[in-house]
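>>> Model the following, please.
(one chain, ligands or ions: 1)
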Amino acid sequence: MRSLGKVLIANRGEIAVRIARTCRVLGLPTVAVYSEADARARHVHECDEAFPIGPAEAAGSYLKIDAIVGAARSAGADAVHPGYGFLSQNGDFADAVAAAGLVFVGPPGAVHRRMGDKKGARRLMAASGVPVVPGYDGDDQNDGVLLAEAERIGWPVMIKPSRGGGGKGMRVVERRDDFVAALAACRREAASAFGDETMVLERRLERPRHVEVQVLADAEGQVVHLLERECSIQRRHQKVVEETPSPALTQQLRESLCAAGVAAARAAGYVNAGTVEFLLDASGRFHFLEMNTRLQVEHPVTEAVVGLDLVRLQLEVAAGRPLPVRQEDVSARGHALECRLYAEDPDRGDLPSPGRVLHYAAPEGPGVRFDSGIEMGSEVTVHYDPLLAKLIAWGADRKESVARMQQALRETVVLGVATNLARLQAIVAHEAFRAGSLHTAFLDDHFSSPAATPELADDALAGLALAVARSGSEPAGRATDPFESVGPWRLGA
Ligand code: MV4
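Numbering: from 1, shown residues only. Below you'll find the predicted structure:
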């Protein structure tokens, strides 16, 4: 066992701020890294030291293994926390950190590679008794073999690149006649995106729910689960609202799902915090989809109901300590919801909306948590994910967490960039959402027309008026007409 010292956070935005918070609580010094676009970003302000690592483009900075390991060395860091996205699931990064004599806060490279390959992961899971979607994960990748396997599986079939996680590069094929052309297109895309054209085939499940299991494992082989999260409300493979417990599970189903999550983690030889994704079909059967070998964006809902700090547990396990929680100590209290606040423009097909955050107000109150990566004056650029903040609401039951979330959304104000705030308000107010009737086509079914998302609520407009009044007394150099600085906001109809 080693005790951790200085932690370099190899990330930006809200997750870097989140990780820095726990490090500070634990008394661990923190090191930020930043690109040229982020010299004045919030995460830099929240850390004790900061090192520049390259240009705005992530490929030259947050994705550059040498630059980050170099910064860790210069800073005299002892550990590197990768956050999510960027290099967090890159086995070569995990190995490079370890080779530099530093602790990687996550599983070793071999585990990332093992689970980052769908063909191998499916086989490993099936061999370990974890149910997978009926499909094909064989080595023989000839057109004829794949077509015959697709016929056996039954239409519609999904073609998924073996190396493409999170929905990247997958295609649905409705009938035999379209298969060979779709396969060729998938291979071309996968070859350029992943340098590997291996495909797996799966039966396309109809309107499945996405339910995932949070697992934690230590270096001694202890594995526990921290129950499930439901993440069915997504658009273009981007999650928007998540919750725990899932309204879809009976206690019996929950137990078998969570046991399957633990079995998956054991089969993977897992260490640290990870998430096992399942699809739940209409008949209540669940199927392994993939494993995320990192902390998830939506981890706060789990923290809210189980009362644990996942980043702290990650750091402890990474330091070689045994897990301080046994399975029998884990229990859920109440219900938690998370809404992701994105800088994207509902009037422009949800395209990212870069700009300066002129003003924002965070929600407060019982059971409310706001994890943000921004501060007044923050610049939202096109270079990175447009996630501004996450609102998390806890309640004694789903009804209370939903009501608290509605209040939290009413209190939230962001001026200067367009956001999906009104969309979030409409989602949590929707009767299908209130009924817990969630599935992966929820947003397409209920929110594809702009009319489904009304203008922002009156409370938010009151916040706008306040901010407009304040912006009138701002220093020179900003827009002189307060209404100009309001950006995409509109008053009235
Ligand atoms: C599927 C599926 C239906 N059948 N696989 C999307 C993200 C990636 N992790 C897997 N995804 C899906 N895989 C089979 N065999 C439907 C989806 C899917 C989806 C899954 C979860 C949440 C939202 C989704 C939206 C579209 C498609």
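
>>> what about residue 449, neighbour count?
Residue 449: 7 surrounding residues under other CB atoms under 10 Å. (Each C-beta comes from the backbone N, C-alpha and C, glycine too.)

>>> For this structure, which residues are neighbours of the ligand?
Applying CB under 6 Å from any ligand atom, one finds that the chain approaches the ligand through 133, 158, 166-167, 202-205, 208, 210, 232, 234, 237, 279, 289-290, 440.

>>> For the residues you listed, which ChimeraX command selects only the ones that are buried?
Buried members of those, defined by 16 or more other CB atoms under 10 Å, are picked up in ChimeraX with:
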select :133,158,202,203,204,205,208,210,232,234,279,289,290,440
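
>>> need the strands for the stretch 101-250 of the chain, in chain order.
103-104, 135-136, 157-161, 171-173, 199-203, 209-217, 223-235, 238-244 (DSSP state E, counting those that start in this stretch).

>>> list the helices and strands the last one packs on?
Using 3 or more CB pairs under 8 Å, 6 or more residues apart in numbering; DSSP states H and E as the contact criterion, the secondary-structure elements in contact with strand 238-244 are strand 223-235, helix 299-306, strand 335-342, helix 421-429.

>>> can you list the ones you listed in a markdown table and add distance to residue 100 and mean pLDDT?
Shown next, in a markdown table, are the helices and strands packed on strand 238-244 (distance: least, CB to CB, whole Å; pLDDT from 0 to 100):
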| stretch | distance to residue 100 | mean pLDDT |
| --- | --- | --- |
| strand 223-235 | 28 | 96 |
| helix 299-306 | 27 | 98 |
| strand 335-342 | 34 | 98 |
| helix 421-429 | 41 | 96 |
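
>>> circling back to that earlier point, quick one: the strands of the stretch 101-250 of the chain as a markdown table, columns for distance to residue 350 too.
Shown next, in a markdown table, are these (distance: least, CB to CB, whole Å):
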| stretch | distance to residue 350 |
| --- | --- |
| strand 103-104 | 35 |
| strand 135-136 | 31 |
| strand 157-161 | 24 |
| strand 171-173 | 22 |
| strand 199-203 | 27 |
| strand 209-217 | 19 |
| strand 223-235 | 7 |
| strand 238-244 | 9 |
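
>>> Phi and psi next, for the most centrally placed residue in the chain.
Nearest to the mean C-alpha position of the chain, by CA atoms, centre = their mean, lies residue 297 at 3.3 Å. The phi/psi pair for residue 297 (degrees, to the nearest 10) reads phi -50, psi -40.

>>> The residue nearest to it when sequence neighbours are not counted: what secondary structure?
Of all residues beyond its chain neighbours, the one nearest residue 297 is residue 84 (5.8 Å), with distances taken as CB to CB, 6 or more residues apart in numbering. Following DSSP: H, G, I helix; E, B strand; the rest coil, residue 84 is assigned to coil.

>>> highest average neighbour count across the helices and strands packed on strand 238-244?
strand 335-342 (a mean of 25; mean count of other CB atoms under 10 Å).

>>> Redo the helices and strands packed on strand 238-244 as a markdown table? Include distance to residue 196.
Formatted as a markdown table, the helices and strands packed on strand 238-244 follow (distance: least, CB to CB, whole Å):
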| stretch | distance to residue 196 |
| --- | --- |
| strand 223-235 | 25 |
| helix 299-306 | 29 |
| strand 335-342 | 30 |
| helix 421-429 | 36 |
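
>>> out of those, nearest to residue 10?
Residue 10 lies closest to helix 299-306 among the helices and strands packed on strand 238-244, at 17.1 Å (CB to CB).

>>> what bits of the protein have low per-residue confidence?
1-2, 451, 454-493 (pLDDT under 70).

>>> The residue nearest to residue 125 when sequence neighbours are not counted sits in which helix or strand?
Excluding the flanking residues, the one nearest residue 125 by CB to CB, 6+ apart is residue 288, at 4.6 Å. Element membership for residue 288 (DSSP states H and E) is strand 286-292.

>>> helices and strands around that strand, which ones?
helix 118-127, strand 209-217, helix 251-268, strand 272-280.

>>> Surely residue 79 touches residue 10?
No. Here residue 79 does not reach residue 10: they are 10.4 Å apart, not a contact under CB atoms under 8 Å.

>>> what about these two, which has more around it?
residue 10 (31 against 23).

>>> any idea how far that one is from the ligand?
24 Å (CB to the nearest ligand atom, to the nearest Å).

>>> The stretch 301-450 of the chain: helices as residue ranges?
Taking DSSP state H, counting those that start in this stretch, the helices of the stretch 301-450 of the chain run over residues 310-318, 398-411, 421-429, 431-434, 442-446.

>>> And the contacts of the third one?
The one in question is helix 421-429. 233, 240-241, 337, 339-341, 346, 391, 402, 405-406, 409-410, 412, 414, 433-434, 443, 447, 452-457, 460 (CB atoms under 8 Å, 6 or more residues apart in numbering).

>>> Give the buried subset of these as a PyMOL selection command.
Those of the contacts of helix 421-429 that count as buried under 16+ other CB under 10 Å are selected in PyMOL with:
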select buried, resi 233+240+241+337+339+340+341+346+391+402+405+406+409+410+412+414+433+443+447+453+456+457+460
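
>>> Just tell me which of the helices of the stretch 301-450 of the chain ends up closest to residue 3.
Minimum separation from residue 3 across those (CB to CB) falls at helix 310-318, 10.2 Å.

>>> and that closest one, what other elements does it pack with?
Short answer (3+ CB pairs under 8 Å, 6+ apart): helix 310-318 packs on helix 13-25, strand 79-81, strand 209-217, strand 272-280, helix 299-306.

>>> roughly how far is the following helix or strand past the longest one from the heart of the chain?
This means helix 13-25. Once helix 13-25 ends, the next helix or strand along the chain (criterion: DSSP H and E) is strand 30-35. Distance, stretch centre to chain centre, for strand 30-35: 21 Å (CA atoms, centre = their mean, to the nearest Å).

>>> partner strands of strand 30-35, parallel or antiparallel?
Here strand 30-35 has these sheet partners by DSSP bridges: strand 7-9 (parallel), strand 49-54 (parallel).

>>> got a list of contacts for the longest one?
The set of residues external to strand 49-54 that reach it, using CB under 8 Å, 6+ apart, is 29-36, 39, 44, 60-62, 64, 67-68, 71, 74-75.
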